[in-house]
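**Q** next input, structure requested:
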Amino acid sequence: MDKEYMNDARVFKALCDEKRLAILALLRSGEKCVCELSEQMKIGQSSLSYHMKILCESGIVKGRQDGKWTYYRIDPQGSRNALVLLSQITTPDKEAAE
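**A** The predicted model follows:
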């Protein structure tokens, strides 16, 4: 399998789960501590960790460590990359359209 497609699939994997979409909705208002996300999502740390790993691997979300806590935010460049990717794979080639 082409490595490019593996990386692209990470973006769509991040967006294909309702919990991850809810996490993204929470992060739209700004950076959140993992403890805030866990409380607001009403899910345990291990479940949240699983979802955050997928979101971070996609590049859409970035995390930073501050002491024992991790803070997450939407990465503007990762968000733009996801938009460009969606546009690229859903736009017919000019040659094919003619």
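
**Q** ok, Ala22 touching Met41?
**A** Yes: counting by Cβ atoms under 8 Å, Ala22 does reach Met41; the two are 6.4 Å apart. Using the backbone N, CA and C atoms, a C-beta is placed for each residue, glycine as well.

**Q** what about the residue nearest to Lys62 when sequence neighbours are not counted, distance to Glu39?
**A** Among residues not flanking Lys62 along the chain, Asp75 sits closest, at 4.4 Å (Cβ to Cβ, 6 or more residues apart in numbering). For Asp75, the distance to Glu39 equals 23 Å [Cβ to Cβ, to the nearest Å].

**Q** neighbour count winner among those two?
**A** For Asp75 and Glu39, the more surrounded residue by other Cβ atoms under 10 Å is Asp75, and the numbers stand at 19 against 12.

**Q** pLDDT below threshold where in the protein?
**A** 1, 95-98 (pLDDT under 70).

**Q** now do the residue nearest to the spatial centre of it against Asp2, distance only.
**A** Among the residues of the chain, the one closest to the centroid is Leu55, at 3.3 Å (Cα atoms, centre = their mean). Distance, Leu55 to Asp2, using Cβ to Cβ: 23 Å.
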